[in-house]
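Asks: One predicted model, sequence on top.
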Amino acid sequence: MAVARLIRPLRKALINPPETLIPVQNPISHLLYNNKMGGEINPFLISQTHNLIRRNYMSEMRKSAFKDNLLRLVRNEIQYELDRSPPKQLPTKYESFTIDDLPGEQWIRLKRKFRENEEIKVEATMFDGAVPIPKSDVPGIKEDMLLHITLIINISKGDGDVLEISCSAWPDSIEITKLFIRRSNKTSHQVYDGPEFKELDDELQDTLYEFLEARGINDEMAIFLHEYIRNKGKTEFIRWMGTVKSYIESK
């Protein structure tokens, strides 16, 4: 019985908790609560509330100013690129090849058929390296750079094996670096992929260059690809800046 007398008041308190237990999250909610309940408003809380509102306002103003400045810089950069050297419309064909530009990617793909049953696919990277070329022996004259593009050429006939040739595309020439046969029945173990191209017999090297030239892969293609990739680089940069601008505007 004594325990029951102790539990009843406690249970009553839990069911009807006193007003002093009502949580107050911040000065503003405290003021609103006191005003609603007809209580006296503490001047100190009024001061705290004003300071909180002012800090929030200043924080939002700084965020807005930063966003506006960032957007201005991005827009200016886009406009500068468009005014300085606007990108040209990228072609969709080169000789007998169709071109897949792959927007947003760092490479392109060219395809064609050769004769009756030969499929040729050329994958070209964007500029992925460069070698310096001394411009002059005069002090203070900077070096020129020869930009480099990697080509991966796959030549196949039906579902059979694939001849894969790796090349370097320089501004006015194509240089074979490696070739090997990719088996149609892929194996899990590492296969021998042959020697470096330069280690082959000179006559065999010349014959392989003629083999590629007959299929439209030659020095003229290297010249075309350098112009194409240079223009694609401008297009991709402006597209990327536009994506950044859209992201900032959405925040």
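Replies: That came through, no problem. For clarity, every value in this text was computed on a predicted model and none was experimentally measured.
Asks: quick one: the residue lying closest to R182 once chain neighbours are set aside from I238, how far?
Replies: Closest residue to R182 apart from its sequence neighbours, by C-beta to C-beta, 6 or more residues apart in numbering: V162 at 4.3 Å. Where C-beta positions appear, they are placed from N, C-alpha and C, glycine not excepted. According to C-beta to C-beta, to the nearest Å, V162 stands 36 Å off from I238.
Asks: In contact with the residue nearest to R182, which residues are there?
Replies: Counting by C-beta atoms under 8 Å, 6 or more residues apart in numbering, V162 makes contact with 154-156, 181-182, 184.
Asks: So how do I select the buried members of the residues you listed in PyMOL?
Replies: To isolate the buried members of these in PyMOL, using 16 or more other C-beta atoms under 10 Å:
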select buried, resi 155+156
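Asks: Dump the contacts of V162 into CSV; add pLDDT and secondary structure as well.
Replies: Listed next are these as CSV, based on pLDDT from 0 to 100; DSSP: H, G, I helix; E, B strand; the rest coil:
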residue, pLDDT, secondary structure
N154, 97, strand
I155, 96, strand
S156, 94, strand
I181, 89, strand
R182, 85, strand
S184, 73, coil
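Asks: which one of the contacts of V162 is nearest L204?
Replies: For these, the closest approach to L204 (C-beta to C-beta) belongs to I181, at 15.2 Å.
Asks: so that closest one touches D161, yeah?
Replies: Yes. I181 lies in contact with D161 (C-beta atoms under 8 Å); the separation is 5.2 Å.
Asks: Okay, helices next: where are they in the chain?
Replies: Remark: helices assigned in the chain by DSSP state H are 2-15, 27-36, 43-84, 202-213, 219-250.
Asks: Just the pLDDT for N51.
Replies: Here the pLDDT value assigned to N51 is 64.
Asks: Any stretches of the stretch 51-200 of the chain with poor pLDDT?
Replies: Applying pLDDT under 70 to the stretch 51-200 of the chain flags residues 51-52, 54-63, 135-143, 185-190.
Asks: residue ranges for the strands of it, please.
Replies: Shown for the stretch 51-200 of the chain, the strands assigned by DSSP state E, counting those that start in this stretch span residues 93-94, 97-100, 107-114, 118-125, 129-133, 144-157, 162-170, 173-182.
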